[in-house]
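> Please work out how this folds:
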Amino acid sequence: MQHVTLVTTNLDLAINVSQTFNEHEFFLDTVDDLNNLDHKISQKQSQGIFWDLQSFPLQKFQSQLVQLRAEQHLPIILVAKNKHDLATAFSHGFDDYITAPFYFPEFFLRFTHHQQNYQKLGITSAQQNEKKHPRIIIDNVVIDRQKYKAFRNHKDLGLTPKELKLLIYLIEHSPNVLNRQQLLEGVWGDIYDISQTSRMVDIHISHLRDKIEVDPKNPQRIQTVRGFGYHFVGDYQKEN
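Numbering: from 1, shown residues only. Model prediction:
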């Protein structure tokens, strides 16, 4: 499931926008503390940002917004009650502006429009995040995304490309639980036999556990949620 970030302290706005994006199988991460914004965007590989100017006004937070625009190559859409700051917003390179009264499906429509434009440029937020954080560390396991290998104590764990992609996908979407269909679409894309979907995921999960878990029969990192799917549990670090 892909993530989008909403910067706001307005709970009603967060609930309504979240419901809209959930209907389209997107997860909305709400940030109400700017100190956590960069971490949230990076950790969840956010595909876009909505910034609520009622909660964080342009006049007061202009420097943070300008820095955000300079650092993030993804859609940034401002949300406000009127068009008072429209000229200033566009002069700083923000992608769009939504004003009240809010029609919440518009949030998703505007986001997808700009996301498609960014994808045409050939640089996705996932690619950007991979360049900024090429290594993921889980306990004594190091995932090197540039070499596309995983190591424990400098020893290659022998993960296949698909196993490594599956592991990274679970990590990047933690702590969300992903069902088999979501894993197939996110890791295999459209190239799989629908009659073998359940078994294909389960086999790869089993092989992955054999290689990264201390006790594969009692997995602590890749856990099963019965009747639904799998999720990655625990902390990890991203390094430059």
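> Could you pull up the residues touching the nearest residue to residue 56 once chain neighbours are set aside?
Sequence neighbours aside, residue 7 is the residue nearest to residue 56 in space, at 6.1 Å (criterion: Cβ to Cβ, 6 or more residues apart in numbering). For every residue, glycine as well, the C-beta is placed using N, CA and C. For residue 7, the contacting residues are 31, 32, 34, 37, 49, 50, 51, 52, 55, 56, by Cβ atoms under 8 Å, 6 or more residues apart in numbering.
> Quick one: residues in contact with whichever strand or helix holds residue 29.
Residue 29 is part of strand 26-31, with elements assigned from DSSP states H and E. For strand 26-31, the external contacting residues (Cβ under 8 Å, 6+ apart) are 1-8, 14, 17-18, 21-22, 37, 40, 44, 46-47, 108, 176.
> Which ChimeraX command selects the buried ones in these?
Selection of buried members from the contacts of strand 26-31 for ChimeraX, criterion 16 or more other Cβ atoms under 10 Å:
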select :1,2,3,4,5,6,7,8,14,17,18,21,37,40,44,46,47,108
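> Now, the contacts of strand 26-31 that are in strands?
2, 3, 4, 5, 6, 7 (DSSP state E).
> In contact with the third one, which residues?
Translated: residue 4. Contacts of residue 4 (Cβ under 8 Å, 6+ apart): 21, 26, 27, 28, 29, 46, 47, 48, 49, 50, 111.
> hmm, try it at 10 Å
17-18, 21, 24, 26-29, 44, 46-50, 74-75, 77, 107-108, 111, 115 (Cβ atoms under 10 Å, 6 or more residues apart in numbering).
> After the helix or strand of the chain with the lowest mean pLDDT, which helix or strand is next? Please name it.
Here the helix or strand of the chain ranked lowest by mean pLDDT, DSSP states H and E is helix 125-132, holding a mean of 51. Sequence-wise, the next helix or strand downstream of helix 125-132 (DSSP H and E) is strand 135-138.
> Which strands or helices does that following strand pack on?
In terms of contacts (3 or more Cβ pairs under 10 Å, 6 or more residues apart in numbering; DSSP states H and E), strand 135-138 is packed against strand 141-144, strand 149-152, helix 161-172, strand 237-239.
> got the residue ranges for the helices in the protein?
Using DSSP state H, the helices assigned to the chain run over residues 11-23, 37-44, 58-71, 86-91, 105-120, 125-132, 161-172, 180-183, 197-212.
> would CSV of the ones you listed with distance to residue 227 be doable?
Below are the helices of the chain laid out as CSV (distance: least, Cβ to Cβ, whole Å):
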stretch, distance to residue 227
helix 11-23, 20
helix 37-44, 25
helix 58-71, 40
helix 86-91, 46
helix 105-120, 29
helix 125-132, 29
helix 161-172, 18
helix 180-183, 11
helix 197-212, 12
